[in-house]
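In: Here's a sequence, model it:
(chains A and B)
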Amino acid sequence: MPGLLTGSGDSSSLVPFSPELHTPAVYPLHHGLKPPITPRLSISWSSGNSLRVSVFRSPETTNTIEDEAEVGGKVVELKLSGEDVHSEVNDAVRWRRIVYGSVSPFAHLQNKKNAMAALSELQHSAPSQLEWSKYVLEYSKEINSLLGNRKSRPTSLIEDPKTVLKIDEEPSSLKAAWELLEIFYANKQSQSWIPEQLVDWLTDYDSLFSGQVPTVHLRLVEFQAQLINIQTVENEAAYWQAISSALSVGWLDIVVKLLRLHGSYQLNQLGSRETENGLVEAVAVLISKMPRMRVDLPDGKLGECCYNKSDFMKAWEKWRAQITKLDCSAYWLQCSHHQTKENLKNLLQIMLGNINTLTNATCHWVELYIAHFLYIRPFTSGLESMHVLAQKCIQLKPISTPHKLMSLIIGILGENTEVILAECSKSFGPWMIAHATELLTAGNIQAEILLKEERHNLGGISIEESHRLVYAQVLSSHALTWQIAPVYLISCMKHGVGLLEILLYKQPVYHSQVLLKNIEICRLYELDSVSANAMKIVGMHHWKHGRKGSGIFWLQQARDEVRLNRIAQKLFDFVGKSISDESFEQWEGLIELMGTESRTVGGLEFLHKYRDFKKSLQQVQDGVATDAARKAGESLISIMKNPSTPQRFWLPLLYDSLKLLTWQEGPLLNVSQCNLLLNKLQESTVAKLRPDFVEVGLPPHALSSVRAALATNLGRAILEE
Amino acid sequence: MEKSVATLDKGAICSSWNYCGQRLSTGMIDGSIAIYDTSDPASSSFTSTFKFKVSEGSIVKVLWVPPEYGDAIACICSNGSLSIWEELAEDSEPVQWKQCKTFGGSMDQVLDAQFGNSHSSLKLTVAYANGILKVYEILDPMDLKNWQLQAELQNVTDSVTKFGKASCLSASISWNPQRSDTCPASFLLGLNSDTPQLNSPKVWEFDQDHQRWLPVAELADHDDKGDQVYAVAWAPNIGRPYELMAVATLKSISIWQMASDPDIDGRLSVEKIATFPCHNNQVWQMEWDMSGMTLATTGSDGRVRLWQSNLNGVWHEQAIIEPTM
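Out: I've put the predicted structure just below:
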């Protein structure tokens, strides 16, 4: 597996790497054996990247503990790489669903790619980028839907006014990362919506950062827990802090809901706190009327959607003017509740984009960054300026060890494909990187060059291919996923087929289901020699385990002439030897089986005739009936004429027939028949000189005896004619 | 991360998995062999199914015969013999393991053996303690009893020189894993002997035209040629334009690239692309994964080390696996 890309580094090398700095990670291997253990381990790679380690106990130990005494060692299996993903999606079944589910979108996209390439070659034009981005987006959406539903969108619930935040199941970083890539790479048509997409993204995934840094989400969760015990919320600093934080990251529905918990809304207070309540409501209305540069808003979300930039600018100016007007209003003087006044004014500052207020209201730099898009700069002007802005936010909210999603964001904004690859590979594992490269390269020439350029260092393959191979290895390591590895391997132009052949070779084909799957895959990808080898293995397995019929069947399927000829020889010897034996019936089935496919390989059709011939020969030997002998002679000629009778059997057949050839009562064969047999005899002696000649166990004088007998018969036949 | 797949009987000292990782054979100190199987290909829990006595002495090494020749193993015993055992069911008898062939013995100690993987015929290379390597070939693919000596060679580049009395402690053979009849059969051989000229790993290739084995490359720097070699491993090649091989000597583990095709002088150029000092760790076994991208090694320090190349082609030690209770 290629090493991980590290850092961004200098431009001269793809991966900044210094051997001195690299210290290998040490993993413990728990075997559960009591010492003493011999240092001698035995290692063996299984399919994919699972490594099996045999650990042996010292055989000399005299162990007193009974149950331990019989244990001489353990074999432990390790699955290398891929475990990062499992930590993301710790449920194996769910993980496999993702793995299986992503095959079809991936294969579909590859087919589209090949079809487009073929078409553009035909038309001598470049493939349409627009069309391709459409396919990539479809692909991205399909993969995204596999990773789970959007869950933790903080929604206000009518049922319980005190529930401001609905806490669902923890969302996955894998999905968060995929969505980031989708926003920046796949969704080319909606580049101008990026800020609002990021707002939605943070809404869904801010909770993921909570494990590592304080977040607005965490602040709200904590406040919600306190809420039940609070009598007058507006006196609590936490209340106002929750509101300003939620506002800063654009969770407007939560803000409005929280504002309406303000004491001035209570009926008994309304009279005495009318102005105060009016101010709270005015702020709430302004918040809910915030112009949003987006097509639509999900149910329950607040703001006014503007489809185009000019509409948005008009609405934005108007909205800001209203805020400023409210800010300068004289009503503030009449507001007697100090905290309400100060904090409402603070909210107005947030809406007016006061950087200090925003910095105070947010917890980490990504939140501050999103706040920028909401209140300071609602438009983006290219990734470069977005990157500069992110750097500024990081300076304002520095972080010692950045969260993996933060590193990914920085990589994306910095347009640094290497960093993105490194982050994807390090934090999200081989599945992510194998599938995400399609997004990264969509319409991005630089990324395409980086990922698709063939590299000598990688043995002539591209980074993209190398990542697919790594993922295919992960799939190959498991009995339930190896069958889908071919889809990824076949998309690897250079090394895919080589690895696929090895993968198929390493399957336990003597399990019939595995064999059938193997044959199916081989047929699909035209790997005839691989399936032939699998069938050969199965054939030998059955043959050696006493299932001779299955053995022959699979060897015939494998068209393994060498082995079938050996079997044929055995059967021939057997038929020749045991014609009267009762066990003949046991072999008859095999001859039958060999016979059916004889035209292709094996050539044992003649064994039927041989058996009949042998039977008649036996009758000849038992009694002395010239008729029977003549019949036997005819069947000898018929066997010898039959083109399916292998040449190597000619001499043994003739040797068997010596008695017929030297028949006392007169020649059984006529001149032409004798000539035929002499020719055949000649041919078989010539065949001896060929390198593929198979020696048959005949006495050394066999040839000369046959020749002499034939000559005698010929002489007598000529005289008779 | 780890999962126990089998518990071995007392006295187990060596083990070997078959081609698909579904059968395990273990050699015992009392000279018997235990076979472990699983009934379901998806399961990874193996239990002992056969046990049979092979030798009076201890088993030193066990390896599987390629599956195209049935379910069979070869085991090297402490008395220096190598025997081949086959799983058979004959004439409606139950399945049994039967001995089909023995090589070597006390006078002719076998150190290592490996099967080749050519489609056409099965070859077996056997390294003996006297520094001689013999290549045997099977006569009948259906029968593991009949072997024919095809060649006998000493691990030297110059075929004229012969060394009389060499004494070897260990040998390591690794066949080119490529299963193809288009490329010539080849293997890598390194020795740990008292004769420096024999030690360095050499690539031997079968010259079909003249029916002989020729040394085509040597994997050692000029100064290190006499170093004792503990292990060699030829990586699977799934499409690289060059071959990758690993060599462990008393000093270091090194990774070599060898051109797949000969240069204009007809030689296969080799280049050492990485060296890692061993620090008194004697490496006993090296195994490449199925893609040839990761090398696993183990040795006298009782740890497994994994080696990989990064995207720049720089090899490094990726991880250490340390057995613990």
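
In: Buried residues of stretch A:349-364, list them for me.
Out: A:349-351, A:353-354, A:357-364 (16 or more other C-beta atoms under 10 Å in any protein chain shown). From N, CA and C alone the C-beta is placed, and that goes for glycine too.

In: pLDDT score for the residue nearest to residue A:243 when sequence neighbours are not counted?
Out: Nearest residue to residue A:243 in three dimensions, chain neighbours excluded: residue A:258, at 4.9 Å (C-beta to C-beta, 6 or more residues apart in numbering or on different chains). Residue A:258 is assigned 92 on the pLDDT scale.

In: which residues sit against stretch A:660-674?
Out: Applying C-beta atoms under 8 Å, 6 or more residues apart in numbering or on different chains, the contact partners of stretch A:660-674 are A:617, A:620, A:626, A:629-630, A:632-633, A:636-637, A:654, A:677, A:706, A:709-710, A:712-714, A:716-718, A:720-721.

In: Report the rounded mean pLDDT for it.
Out: On average, stretch A:660-674 scores 83.

In: ok, and for that stretch, which residues are buried?
Out: Under 16+ other C-beta under 10 Å, the buried positions of stretch A:660-674 are A:660, A:661, A:662, A:663, A:667, A:668, A:669, A:670, A:671, A:673, A:674.

In: Next up, the contacts around the nearest residue to the first one once chain neighbours are set aside.
Out: By that I understand residue A:660. Here the nearest residue to residue A:660 in space, its sequence neighbours aside, is residue A:633; by C-beta to C-beta, 6+ apart that works out to 5.1 Å. Shown in contact with residue A:633 (C-beta under 8 Å, 6+ apart): A:657, A:660, A:663, A:668, A:669, A:673.

In: Over to residue A:452?
Out: A:441, A:462, A:463, A:464.

In: Number of residues surrounding residue A:639?
Out: For residue A:639, the neighbour count with other C-beta atoms under 10 Å in any protein chain shown is 21.

In: hmm, I was thinking of residue A:469
Out: So residue A:469, with other C-beta under 10 Å, has 28 neighbours.

In: For it, report the pLDDT, please.
Out: Model confidence at residue A:469, given as pLDDT, is 94.

In: The helix or strand containing it near chain B at all?
Out: Taking DSSP states H and E as the criterion, residue A:469 maps to helix A:463-476. Yes: against chain B, helix A:463-476 shows contacts by C-beta under 8 Å from any C-beta of the partner chain at A:463, A:466, A:469, A:470, A:473, A:476.

In: Output these as CSV; include the columns distance to residue B:193.
Out: Below are these laid out as CSV (distance: C-beta to C-beta, whole Å):
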residue, distance to residue B:193
A:463, 44
A:466, 40
A:469, 39
A:470, 40
A:473, 37
A:476, 39
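
In: Quick check: residue A:302 is in a strand.
Out: No: going by DSSP: H, G, I helix; E, B strand; the rest coil, the assignment for residue A:302 is coil, not a strand.

In: So it versus residue B:175, what's the distance?
Out: Distance, residue A:302 to residue B:175, using C-beta to C-beta, to the nearest Å: 71 Å.

In: What helices and strands are in contact with the lengthiest helix in chain A?
Out: In terms of residue count, the longest helix belonging to chain A (DSSP state H) is helix A:103-123. Judged by 3 or more C-beta pairs under 8 Å, 6 or more residues apart in numbering or on different chains; DSSP states H and E, helix A:103-123 is in contact with helix A:129-146, helix A:429-441, helix A:485-490.

In: who touches the residue lying farthest from the centre of chain B in this structure?
Out: Computed with C-alpha atoms, centre = their mean, the maximum C-alpha offset from the centroid of chain B is found at residue B:92, amounting to 35.3 Å. For residue B:92, the contacting residues are residue A:546, by C-beta under 8 Å, 6+ apart.

In: and it, backbone torsions?
Out: Main-chain torsions, residue B:92, degrees, to the nearest 10: phi 60, psi 20.

In: And the one 10 residues further on, by the same measure?
Out: Residue B:102 adopts backbone torsions of phi -130, psi 140, taken as degrees, to the nearest 10.

In: does it really touch residue B:82, like I thought?
Out: Yes: using C-beta atoms under 8 Å, residue B:102 is in contact with residue B:82, at 6.9 Å.

In: Comparing those two, which shows the higher neighbour count?
Out: residue B:82 (25 against 14).

In: re the thing from before, just name the closest of the contacts of residue A:452 to chain B, please.
Out: residue A:463 (6.3 Å; C-beta to the nearest C-beta).

In: Can you report how many residues lie near the closest one?
Out: For residue A:463, the count of nearby residues is 23 (other C-beta under 10 Å).

In: Which members of the contacts of residue A:633 are the farthest-apart pair?
Out: Spanning the widest gap among the contacts of residue A:633 are A:663 and A:673, at 12.8 Å by C-beta to C-beta.

In: picking that back up, wait, isn't the residue nearest to residue A:243 in contact with residue A:239?
Out: Yes: counting by C-beta under 8 Å, residue A:239 is a contact partner of residue A:258 at 7.1 Å.

In: what are the ranges of the strands in chain A?
Out: A:25-30, A:37-45, A:50-57, A:71-79, A:291-293, A:304-306 (DSSP state E).

In: next one: the fifth one to chain centre, how far?
Out: This points to strand A:291-293. 41 Å (C-alpha atoms, centre = their mean, to the nearest Å).

In: what pairs with it, and is each one parallel or antiparallel?
Out: strand A:304-306 (parallel) (DSSP bridges).

In: which outside residues touch the strand it pairs with?
Out: In contact with strand A:304-306 (C-beta under 8 Å, 6+ apart) are residues A:289, A:290, A:291, A:292, A:293, A:294, A:295, A:296, A:297, A:312, A:315.

In: Now with 10 Å, please.
Out: Taking contacts as C-beta atoms under 10 Å, 6 or more residues apart in numbering or on different chains, the residues outside strand A:304-306 that touch it are A:196, A:288-297, A:311-316, A:319, A:378.

In: Could you pick out which of the contacts of residue A:633 are located in helices?
Out: Per DSSP H, the contacts of residue A:633 map to helices at A:660, A:673.

In: in chain B, which segments are predicted with low confidence?
Out: For chain B, the stretches with pLDDT under 70 are B:1, B:159-160, B:266.

In: hmm, back to that, from the contacts of residue A:633, which is closest to chain B?
Out: Closest to chain B out of the contacts of residue A:633 is residue A:657 (27.2 Å), distances taken as C-beta to the nearest C-beta.

In: can you pull the contacts of that closest one?
Out: Residue A:657 sits next to A:613, A:617, A:620, A:632-633, A:635-637, A:639-640, A:668-669, A:677, A:706, A:709-710 when contact means C-beta under 10 Å, 6+ apart.
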